[in-house]
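> Here is the input, now give the coordinates:
(chains A and B)
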Number of protein chains: 2
Amino acid sequence: MTDIGVEAGRDLIASDRVEGTAVFNLAGEKLGHISNFMVEKRGGQVRYATLSFGGFLGIGNDHYPLPWSMLDYDVDKGGYVVDLSKEVLEKAPSHNAENRPDYDENYGRSVYQYYGLVYPW
Amino acid sequence: MTDIGVEAGRDLIASDRVEGTAVFNLAGEKLGHISNFMVEKRGGQVRYATLSFGGFLGIGNDHYPLPWSMLDYDVDKGGYVVDLSKEVLEKAPSHNAENRPDYDENYGRSVYQYYGLVYPW
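Numbering: from 1, shown residues only, chains lettered A, B, ... in the order given. As a prediction, this is how the structure comes out:
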């Protein structure tokens, strides 16, 4: 039984199991995978999972921060499902791996706003 | 400037920067490094960082879950500092990488109890 959904007990999941996990949209299209996530240093709250799909020859902005609340794990698919079309994703806030911006309040608000979510902090 | 403390802005840190970061105790002894951490699937709260130091030939229980609240990042040391002697750590709850236990309530309570902390969930 290597089901990621129960791998570490009912409620918790190991970071190294999240990283690399596939991300699909509601249409079943694979959007990419989770490369890492952004955590509050003090409180330990995960704010964003970073969706990646590998740019052409590694060039380009291929890191897309998604608010953690957007992700649902689907046991049958073996990956996360988000309500996100490829067209919406293409224009979403993104950066490349080497030039990670400050994830400050302004950046956070722009990400939440893009996805139509209320910035909760 | 590759200072981990400011690498991702003031408040957030990337998971791939936490993983591999050294852990010291108050006496300045290096205890090991963070190998990964355990996250609430739904809420995204990090509950434990896993301290590892690599057993002999990879054998043995070398994964020690530490409540996230025990960790303080020290910019000067370039790593996390915990109030934890080697003697206390040696007898702490641990497991090996391949046999991760269910991180259920019983396990969580045993970890918190060992470190003299109130289990907050």
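> what's the span of stretch A:82-92, first residue to last?
Using Cα to Cα, to the nearest Å, the end-to-end distance of stretch A:82-92 comes to 14 Å.
> buried stuff in it?
Neighbour-count burial for stretch A:82-92 flags A:82, A:84, A:89, A:92 (criterion: 16 or more other Cβ atoms under 10 Å in any protein chain shown). All C-beta atoms are positioned from the backbone trio N, CA, C, and that covers glycine.
> for the residue nearest the centre of chain A, what are its contacts?
Closest to where the C-alpha atoms of chain A average out (Cα atoms, centre = their mean) is residue A:49, at 3.1 Å. For residue A:49, the contact set (Cβ atoms under 8 Å, 6 or more residues apart in numbering or on different chains) comprises A:18, A:34, A:36-37, A:65-66, A:68, A:71, A:80.
> which of the residues you listed are buried?
Among the contacts of residue A:49, those buried by neighbour count (16+ other Cβ under 10 Å) are A:18, A:34, A:36-37, A:65-66, A:68, A:71, A:80.
> I'd like those laid out as a markdown table, including pLDDT.
Shown next, in a markdown table, are those (pLDDT from 0 to 100):
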| residue | pLDDT |
| --- | --- |
| A:18 | 88 |
| A:34 | 93 |
| A:36 | 90 |
| A:37 | 91 |
| A:65 | 96 |
| A:66 | 97 |
| A:68 | 94 |
| A:71 | 93 |
| A:80 | 93 |
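> Just these: which are in strands?
Applying DSSP state E to the buried ones among the contacts of residue A:49, the entries found in strands are A:34, A:36-37, A:65-66, A:80.
> which of these are close to chain B?
Contacts with chain B within those, as defined by Cβ under 8 Å from any Cβ of the partner chain: A:36-37.
> from the ones in strands among the buried ones among the contacts of residue A:49, which is closest to residue A:115?
residue A:66 (7.6 Å; Cβ to Cβ).
> now that closest one, which residues is it bridged with?
Bridge pairing for residue A:66 (DSSP bridges) gives the partners residue A:49.
> Confirm for me that it is in contact with residue A:48.
Yes: between residue A:66 and residue A:48 there is a contact at 6.2 Å, judged by Cβ atoms under 8 Å.
> Quick one: the contacts of residue A:49 as JSON lines, columns for distance to residue B:119 too.
Formatted as JSON lines, these follow (distance: Cβ to Cβ, whole Å):
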{"residue": "A:18", "distance to residue B:119": "24"}
{"residue": "A:34", "distance to residue B:119": "29"}
{"residue": "A:36", "distance to residue B:119": "28"}
{"residue": "A:37", "distance to residue B:119": "25"}
{"residue": "A:65", "distance to residue B:119": "32"}
{"residue": "A:66", "distance to residue B:119": "31"}
{"residue": "A:68", "distance to residue B:119": "23"}
{"residue": "A:71", "distance to residue B:119": "26"}
{"residue": "A:80", "distance to residue B:119": "29"}
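> Next, the buried residues of whichever helix in chain A runs longest.
For chain A, the helix that runs over the most residues, judged by DSSP state H, is helix A:105-114. The neighbour-count check on helix A:105-114 (16+ other Cβ under 10 Å) flags A:107-108, A:111-112 as buried.
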